[in-house]
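> following is a predicted model, sequence given first.
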Amino acid sequence: MVTTSFTHPQLFCRAGKSAKNKTVLAPLTHNMSEDNGDLSSDEMAWLSLCARGGFGTLILAATQVQTGGRCWQGQPGLMSDYQQGQFAKVAAMARGHEVLTLVQLHHGGVRASVELNGRAPMGPSAIPPGGRYPLGVQEMSGEQIAELKEAFVHSAQRAFEAGLDGIELHSAHNFLLCNFLNPTLNQRSDEWGGSVYKRTKLLRDIIAEIRRRLPRNFIVGVRLSPESYANVRGIALSHQMEVANILAEQDIDCLHFSLGDSFKAPDEGEGSSLLANIREGFIGDIPLMVAGKIADGLSAQQALHLGADMVAVGSAALGNPDWFNRVSTRTKLIKPPFSRKRLSLNGFNAKGLEYLLSVPGLVATPDDAQA
């Protein structure tokens with residue numbers, strides 16, 4: 001297979017926009033937003049470091065579109081004029097570095113926090129109280145689904161008005177849009193459930209309404225999980241490839257698979273790697289972005305060789321917001337576990353550090369393990 005370098009530009013043909021290279025800052029949870037969802041000065045400073053660090057595209061962390069869908073305390077929101085103004089500052093900063101900026105739009109669905117939202121989570125179908133759902137899961141009515149669709153579209157409008165280049169619909173990791181795709185969680189027999197195609201209806205309706213209201217050069221991407229996530233089952237690769245190919249026909253600009261490990265063997269089927277299987281099964285003519293174990297230039301190039309068009313850098317960027325500049329100049333990367341000093345220098349405040357400490361293997365102990 002002939003591949004280009006991750007340093008080469010990436011064209012979003014349908015939108016008529018181009019990123020200066022094929023590397024993307026993945027939408028990383030950092031927990032640094034204010035309790036009400038306003039962006040903090042610290043997270044905006046962190047994003048500025050990443051823009052200066054050479055990434056061609058930034059995808060901002062999973063951002064609330066509707067009250068009741070919050071999953072963690074320091075989660076950003078794009079639901080108010082003030083929040084829109086903060087995103088406008090990020091967009092202006094990124095443009096100054098010739099970087100495309102997208103925001104990932106999100107609702108927690110069955111994973112929404114009871115403590116933070118003060119209510120039972122919502123999903124496509126009801127789940128009785130008990131176990132991981134102490135208050136159960138409320139089945140969404142048609143009216144609630146319509147309100148949710150409008151919330152996603154309205155936040156997309158705010159992103160456009162703020163000057164961002166586009167949005168990504170978070171349909172992975174067992175959050176709400178993913179819940180509707182999952183046949184185990186979506187037991188509906190109406191227009192939003194049943195066949196794979198009908199389970200994509202909510203996503204298709206959101207995409208269609210965004211396209212109706214906003215100019216075509218506004219990028220719309222979708223993030224998917226290719227396999228079951230953590231201890232929630234129901235997502236299978238063959239099913240998700242059918243979803244991916246349905247969505248590629250819906251006038252979107254990019255499909256983003258969150259793989260966990262781009263180079264692992266698939267849970268089902270044959271093939272040397274999950275990414276290779278996805279590339280073989282994906283018939284869409286839009287860029288394919290992947291995240292999962294993209295740690296350095298070698299793994300980035302390997303992902304392109306296996307069929308990705310773009311690579312999203314996650315954990316490695318926490319210690320190296322200048323990841324692209326380092327890798328493209330063959331400068332040594334700082335590898336995890338990262339010291340607290342390094343993460344603090346990179347802009348992570350006390351709330352951000354507390355969250356990162358909860359991720360195994362990410363933060364060094366003792367503190368001076370790495371500078």
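Done, it's in. Residues are numbered from 1 along each chain as shown.

> residue 138 and residue 123 touch, don't they?
Yes - contact between residue 138 and residue 123 holds when scored by CB atoms under 8 Å: they sit 7.3 Å apart. C-beta: built from backbone N, CA, C; applies to glycine.

> more neighbours, those two?
A count of neighbours by other CB atoms under 10 Å puts residue 123 above the other of residue 138 and residue 123, at 26 against 17.

> how near is the nearest residue to residue 181 once chain neighbours are set aside to residue 142?
Leaving aside its sequence neighbours, residue 181 sits nearest to residue 199 (CB to CB, 6 or more residues apart in numbering; 5.3 Å). According to CB to CB, to the nearest Å, residue 199 stands 15 Å off from residue 142.

> out of the two, which sits in the more crowded spot?
residue 199 (23 against 10).

> dump the residue contacts of the more buried one.
Residues in contact with residue 199 (CB atoms under 8 Å, 6 or more residues apart in numbering) are 180, 181, 182, 183, 186, 192, 193, 243.

> one more time with 6 Å, if that's ok
Going by CB atoms under 6 Å, 6 or more residues apart in numbering, residue 199 touches 180, 181, 186.

> cool, and residue 211?
Neighbouring residues of residue 211 by CB under 6 Å, 6+ apart: residue 251.

> for it, helix, strand, or coil?
In three-state terms, and counting by DSSP: H, G, I helix; E, B strand; the rest coil, residue 211 is helix.

> for the longest helix anywhere in the chain, list every residue counted as buried.
With secondary structure taken from DSSP state H, the chain has its longest helix at helix 142-161. Buried residues in helix 142-161, defined by neighbour count with 16 or more other CB atoms under 10 Å: 145, 148-149, 151-160.

> next, the angle helix 142-161 makes with the following helix or strand past it.
Counting by DSSP states H and E, the next helix or strand C-terminal to helix 142-161 is strand 166-171. Angle of strand 166-171 versus helix 142-161, following axes from the mean of the first three to the mean of the last three CA atoms, to 10 degrees, is 150 degrees.

> buried sites along the helix or strand where residue 275 lies?
Element membership of residue 275 [criterion: DSSP H and E] is helix 274-281. For helix 274-281, the neighbour count (16+ other CB under 10 Å) marks 274, 275, 276, 277, 278, 279, 281 as buried.

> same check on stretch 320-330?
Buried residues in stretch 320-330, counted by 16+ other CB under 10 Å: 320, 321, 322, 323, 324, 326, 327.

> what does that stretch contact?
7, 23, 49-50, 53-55, 297, 313, 316-317, 333-334, 346.

> who wins for most neighbours among the residues you listed?
Ranked by neighbours (other CB under 10 Å), these are led by residue 55, which has 29 neighbours.

> for that residue, which non-adjacent residue is spatially closest?
residue 25 (4.7 Å).

> contacts only, for the one you found.
Residue 25 makes contacts with 50, 55, 58, 317, as judged by CB under 6 Å, 6+ apart.

> now intersect those with the strands, please.
Taking DSSP state E as the definition of strands, the contacts of residue 25 contribute residue 58.

> between all of the contacts of residue 25, which two are separated the most?
The distance between the two most remote of these (CB to CB) is 10.1 Å, for 58 and 317.

> quick one: contacts for residue 16?
By CB under 6 Å, 6+ apart, the contact set of residue 16 is residue 217.

> now it: how far from residue 256?
20 Å.

> again with residue 355
22 Å.

> same check, this time on residue 84
Note on residue 84: its distance to residue 256, by CB to CB, is 24 Å.

> comparing these two, which residue is more hemmed in?
Set residue 84 next to residue 256 and count neighbours by other CB under 10 Å: residue 256 wins out with 27 against 19.

> list phi and psi for that one.
Dihedral angles of residue 256 (phi, psi; degrees, to the nearest 10) stand at phi -120, psi 110.

> could you list the low-pLDDT ranges of the chain?
The model of the chain has pLDDT under 70 over residues 1-3, 366-371.

> and the strands in it?
With DSSP E as the definition, the chain shows strands at residue ranges 10-12, 17-19, 23-25, 57-64, 100-106, 122-123, 138-139, 166-171, 219-224, 254-258, 288-291, 310-313.

> can you tell me the strand partners of the third one and which way each runs?
Taking DSSP bridges as the criterion, strand 23-25 pairs within the sheet with strand 57-64 (parallel), strand 310-313 (parallel).

> any idea how far it is from the chain center?
Between the centre of strand 23-25 and the centre of its host chain there is 11 Å, according to CA atoms, centre = their mean, to the nearest Å.

> same question for the first one.
Chain-centre distance of strand 10-12: 18 Å, with CA atoms, centre = their mean.

> no further questions, thank you.
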